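J.: Quick one, what's the 3D model for this:
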Amino acid sequence: MPKLKTNKSAAKRLKRTGSGKLMRNKQGRRHLLTSKPQKRKRHMRKQAPVAPGMTKRMNVLVPYLDNN
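T.: Next up, the predicted model:
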């Protein structure tokens, strides 16, 4: 079986937890922040787990992603 290539853009966006779940950053923190409430921006700081339906696809993109 040949080695699999890691999708580098996905590897930079995803982290794996100790239990093996994939975590992603939330959207909407790049620009136009003055019109967003402080509470909304505060909740966007935290990472969120990748949705169960997308996890299988993400694991194909990052087969060797380690716990960081």
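J.: going forward, measure contacts between C-alpha atoms and count neighbours the same way
T.: Fine.
J.: Can you measure across stretch 38-50, start residue to end residue?
T.: From its first residue to its last, stretch 38-50 covers 24 Å (Cα to Cα, to the nearest Å).
J.: Show me what that stretch is in contact with.
T.: Identification of contacts with stretch 38-50 by Cα atoms under 8 Å, 6 or more residues apart in numbering yields 21, 22, 23, 24, 25, 26, 27, 28, 29, 33.
J.: Could you turn the buried ones of these into a PyMOL selection?
T.: Entered in PyMOL, the line below selects the buried ones among the contacts of stretch 38-50, by 16 or more other Cα atoms under 10 Å:
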select buried, resi 22+23+24+25
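J.: Turn the contacts of stretch 38-50 into CSV, including distance to residue 5.
T.: Putting the contacts of stretch 38-50 into CSV (distance: Cα to Cα, whole Å) gives the following:
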residue, distance to residue 5
21, 20
22, 18
23, 20
24, 20
25, 23
26, 25
27, 26
28, 29
29, 29
33, 36
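J.: In strands only, show me the contacts of stretch 38-50.
T.: Among these, the members found in strands (DSSP state E) are 22, 23, 24, 25.
J.: For those, which two are the farthest from each other?
T.: Checking the ones in strands among the contacts of stretch 38-50 against each other with Cα to Cα, the farthest-apart pair comes out as 22 and 25, at 10.5 Å.
J.: Spell out which residues are contacts of both of those two.
T.: Taking Cα under 8 Å, 6+ apart as the contact criterion, the residues that touch both residue 22 and residue 25 are residue 14.
J.: Tell me what the residue nearest the centre of the chain is bridged to.
T.: Computing the C-alpha centroid of the chain and ranking residues by Cα atoms, centre = their mean puts residue 24 first, at 2.0 Å. Beta-bridge pairing of residue 24, defined through DSSP bridges, involves residue 14, residue 48.
J.: I figured it hits residue 11, correct?
T.: No - Residue 24 is beyond contact range of residue 11, at 10.3 Å (criterion: Cα atoms under 8 Å).
J.: on that earlier part again, columns distance to residue 58 and pLDDT on top of the contacts of stretch 38-50, output as JSON lines?
T.: Supplementary listing: those in JSON lines, determined by distance: Cα to Cα, whole Å; pLDDT from 0 to 100:
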{"residue": "21", "distance to residue 58": "11", "pLDDT": "94"}
{"residue": "22", "distance to residue 58": "8", "pLDDT": "96"}
{"residue": "23", "distance to residue 58": "11", "pLDDT": "97"}
{"residue": "24", "distance to residue 58": "11", "pLDDT": "97"}
{"residue": "25", "distance to residue 58": "14", "pLDDT": "97"}
{"residue": "26", "distance to residue 58": "16", "pLDDT": "97"}
{"residue": "27", "distance to residue 58": "17", "pLDDT": "96"}
{"residue": "28", "distance to residue 58": "21", "pLDDT": "96"}
{"residue": "29", "distance to residue 58": "22", "pLDDT": "95"}
{"residue": "33", "distance to residue 58": "29", "pLDDT": "97"}
